[in-house]
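Novice: What follows is a predicted structure for the sequence shown.
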There are 2 protein chains.
Amino acid sequence: VGGPVLTSSRSPRVTAARRLAKRAFRSRERLFLAEGPQAVREAVASPGTVLEVFATTEAAARHPEIIDAARVGGATVTPATDGVIAAMAQTITPQGMVAICRFVDVRLDEAVDGDARLVVVLAQVRDPGNAGTVIRAADAAGADAVVVTDSSVDVYNPKCVRASAGSLFHLPVVVDADFDAAVAAGRAAGLAVVAADGAAPVDLDDAVDDGRLSASTMWVFGNEAWGLPDEVLTRCDGSIRVPIHGRAESLNLATAAAVCLYASARAQRR
Amino acid sequence: VGGPVLTSSRSPRVTAARRLAKRAFRSRERLFLAEGPQAVREAVASPGTVLEVFATTEAAARHPEIIDAARVGGATVTPATDGVIAAMAQTITPQGMVAICRFVDVRLDEAVDGDARLVVVLAQVRDPGNAGTVIRAADAAGADAVVVTDSSVDVYNPKCVRASAGSLFHLPVVVDADFDAAVAAGRAAGLAVVAADGAAPVDLDDAVDDGRLSASTMWVFGNEAWGLPDEVLTRCDGSIRVPIHGRAESLNLATAAAVCLYASARAQRR
């Protein structure tokens, strides 16, 4: 990394990056921070996403391929001190590297079309770590898209970006979606809209056995604490629960979502 | 709740409770804190576990059944102010209630015997939230026991207790286990010892199809960042990976564990 090293945490560029910790600033600028080499690596692999990378000399030397990819993609690369990186980042360990990224979300009609076989809707999910972990699980299970409703956490929250482990850059993500519009798009694309609900009469094993999960599915996952409200459940085509074989009252949202999505992936691929 | 209200955060009883934030003190006293009504409810339902409950007047009025169960179980119930509860607790929202609990772990030979069909081993897991979430998923999937090796996080860490959502009190948990002893106990109990490993040649779908997952299984899960080291892998009977259908590099440890355990539960119960 060449050029003058950014050393002052009070530089206007640092202040501008730090502001991206706040959702209002992110929304206005349509920019967010990717923190740490893993996230920056995935961001620079996504064409047109990264505006600027800030890296310590040590981090740049450790990850030359990230710096090269950033330059090839047209991003500015600025050397900075550990103190400057720490001042920009929200996470505890940015490991010497952050990137300012353009929003990557897409429109609902781009994400959910007739080719989609497995789509995830996050309705009223409030915990950013859970949201990011579900995006990662959706990516791993081969989902075509994730739709985040307007009453949910901001996917560009640093904790969500971190928990997604790069998956935010891998598959189409829709944000601020109206729930009814998401359901309508799913139905129009031929997907069955299925709510994950702990009180559903049908469990996941039954749904695999009766062939239901072999169909193209839009899974709807709700809030960790209170699940899905009735007005959401009634708009879905059906609901399925993850069976609880032991004494736990429920599963964590992200683990429940992973179990459901992998059950669908297996059923659809057989 | 009767009796004098504990109002001073500098009371020796508060200091004693607060010390339980440190692993060394927990280990010495063999005591830990359950924080918040959900955890305290599960703790008092576990006979002989709770020594003392501290609750605000408001929390006690909101959850009279917890206070009753604590008294029936022989626990002391002490009214305290919000400030005192907050001073004792490590979590952000203890919601007016904490309990001092005896360690609940059991011996390896009690947890893993000939009746066990599904056992979880956590080897070198360092993140307390992940460990707690796996314990919760193991409980939900109907596992018989969780064995935590001596190189892993302390399950009595407040973040682990919280993430387990009561499951720490539901199923037998072994702590500080020697890995070789855990594997030997599993084999003696007739369990196949299977490592979850992203580089395994066999994936979960294959293992379901070829009948392998229908057998009694001891699943071994490793560290979030580096997985399982070779010296652990070579001691297992085999390894299985969760298939990655999309572009994610891997799954979060707890979501991967949930997918594996539910695959086993389904295969064993058919």
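Specialist: Perfect, I can see it now.

Novice: ok, longest helix in chain A?
Specialist: helix A:253-269 (DSSP state H).

Novice: Keeping just the C-alphas, turn it into PDB.
Specialist: Provided in PDB are the C-alpha atoms of helix A:253-269 (Å, rounded to 0.1, in the frame of the first residue of the first chain):
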ATOM      1  CA  LEU A 253     -34.000 -18.500  15.400                       C
ATOM      2  CA  ALA A 254     -30.900 -19.000  13.300                       C
ATOM      3  CA  THR A 255     -30.500 -22.700  14.200                       C
ATOM      4  CA  ALA A 256     -34.200 -23.300  13.500                       C
ATOM      5  CA  ALA A 257     -33.900 -21.500  10.100                       C
ATOM      6  CA  ALA A 258     -30.800 -23.600   9.200                       C
ATOM      7  CA  VAL A 259     -32.700 -26.900  10.000                       C
ATOM      8  CA  CYS A 260     -35.700 -25.800   7.900                       C
ATOM      9  CA  LEU A 261     -33.600 -24.600   5.000                       C
ATOM     10  CA  TYR A 262     -31.400 -27.800   4.900                       C
ATOM     11  CA  ALA A 263     -34.600 -29.900   5.100                       C
ATOM     12  CA  SER A 264     -35.900 -28.000   2.000                       C
ATOM     13  CA  ALA A 265     -32.600 -28.200   0.200                       C
ATOM     14  CA  ARG A 266     -32.400 -32.000   0.700                       C
ATOM     15  CA  ALA A 267     -36.000 -32.600  -0.300                       C
ATOM     16  CA  GLN A 268     -35.700 -30.400  -3.400                       C
ATOM     17  CA  ARG A 269     -32.500 -32.000  -4.600                       C
END
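
Novice: tally of neighbours for the residue of the stretch 151-270 of chain A found nearest chain B?
Specialist: For the stretch 151-270 of chain A and chain B, the shortest gap (CB to the nearest CB) falls at A:H245, measuring 2.8 Å. Bear in mind the C-beta positions are built from the backbone N, C-alpha and C, glycine included. Neighbour count for A:H245, taken as other CB atoms under 10 Å in any protein chain shown: 18.

Novice: Angles on the backbone of it, please.
Specialist: The phi/psi pair for A:H245 (degrees, to the nearest 10) reads phi -90, psi -20.

Novice: Just give the nearest non-adjacent residue to it, would you?
Specialist: B:G142 (2.8 Å; CB to CB, 6 or more residues apart in numbering or on different chains).

Novice: Go ahead and list the helix or strand containing the one you found.
Specialist: Following DSSP states H and E, one finds B:G142 outside all helices and strands.

Novice: still on that earlier bit, report whether the longest helix of chain A contacts chain B.
Specialist: Yes: legend: contact between helix A:253-269 and chain B by CB under 8 Å from any CB of the partner chain is shown at A:254-259, A:262-263, A:265-266, A:269.

Novice: What residues sit buried inside that helix?
Specialist: Across helix A:253-269, burial judged by 16 or more other CB atoms under 10 Å in any protein chain shown covers A:253-268.

Novice: what is the rounded mean pLDDT of it?
Specialist: In this model, helix A:253-269 has an average pLDDT of 97.

Novice: Quick one: list the elements packing against that helix.
Specialist: Secondary-structure packing of helix A:253-269 (3 or more CB pairs under 8 Å, 6 or more residues apart in numbering or on different chains; DSSP states H and E): strand A:118-122, helix A:128-140, strand A:192-196, helix A:204-209, strand A:217-221, helix B:128-140, helix B:204-209, helix B:253-269.

Novice: Identify the residues contacting A:S27.
Specialist: By CB atoms under 8 Å, 6 or more residues apart in numbering or on different chains, the residues touching A:S27 are A:D154.

Novice: Can I take it that it is in a helix?
Specialist: Yes: counting by DSSP: H, G, I helix; E, B strand; the rest coil, A:S27 is located in a helix.

Novice: Next up, phi/psi of the residue nearest to A:H245, please.
Specialist: When read as degrees, to the nearest 10, the backbone of B:G142 gives phi 80, psi 20.

Novice: would you list the helices and strands packed on helix A:253-269 in TSV and tack on distance to B:V120?
Specialist: Supplementary listing: the helices and strands packed on helix A:253-269 in TSV, determined by distance: least, CB to CB, whole Å:
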stretch	distance to B:V120
strand A:118-122	26
helix A:128-140	19
strand A:192-196	23
helix A:204-209	20
strand A:217-221	24
helix B:128-140	5
helix B:204-209	15
helix B:253-269	7
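
Novice: Out of the ones you listed, the one nearest A:V104 is which?
Specialist: helix A:128-140 (11.2 Å; CB to CB).

Novice: And the strand or helix carrying A:E231, what's buried?
Specialist: Secondary structure assignment for A:E231, by DSSP H and E: helix A:230-233. Across helix A:230-233, burial judged by 16+ other CB under 10 Å covers A:232-233.

Novice: residue ranges with poor pLDDT in the stretch 51-200 of chain A?
Specialist: The model of the stretch 51-200 of chain A has no residue with pLDDT under 70.

Novice: and the residue of it nearest chain B?
Specialist: Taking CB to the nearest CB, the stretch 51-200 of chain A has A:G142 as its residue nearest chain B, at 2.8 Å.

Novice: measure that residue to B:V202 for me?
Specialist: As judged by CB to CB, to the nearest Å, A:G142 and B:V202 stand 19 Å apart.

Novice: Show me what from chain A comes close to chain B.
Specialist: By the rule CB under 8 Å from any CB, the part of chain A lying against chain B is A:133, A:136-143, A:163, A:165-167, A:170-171, A:204-205, A:208, A:242-252, A:254-259, A:262-263, A:265-266, A:269.

Novice: Can I get the buried ones among those residues as something I can paste into ChimeraX?
Specialist: Selecting only the buried entries of those in ChimeraX, with 16+ other CB under 10 Å as the criterion:
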select /A:133,136,137,138,139,140,141,142,143,163,165,166,167,170,171,204,205,208,242,243,244,245,246,248,250,251,252,254,255,256,257,258,259,262,263,265,266
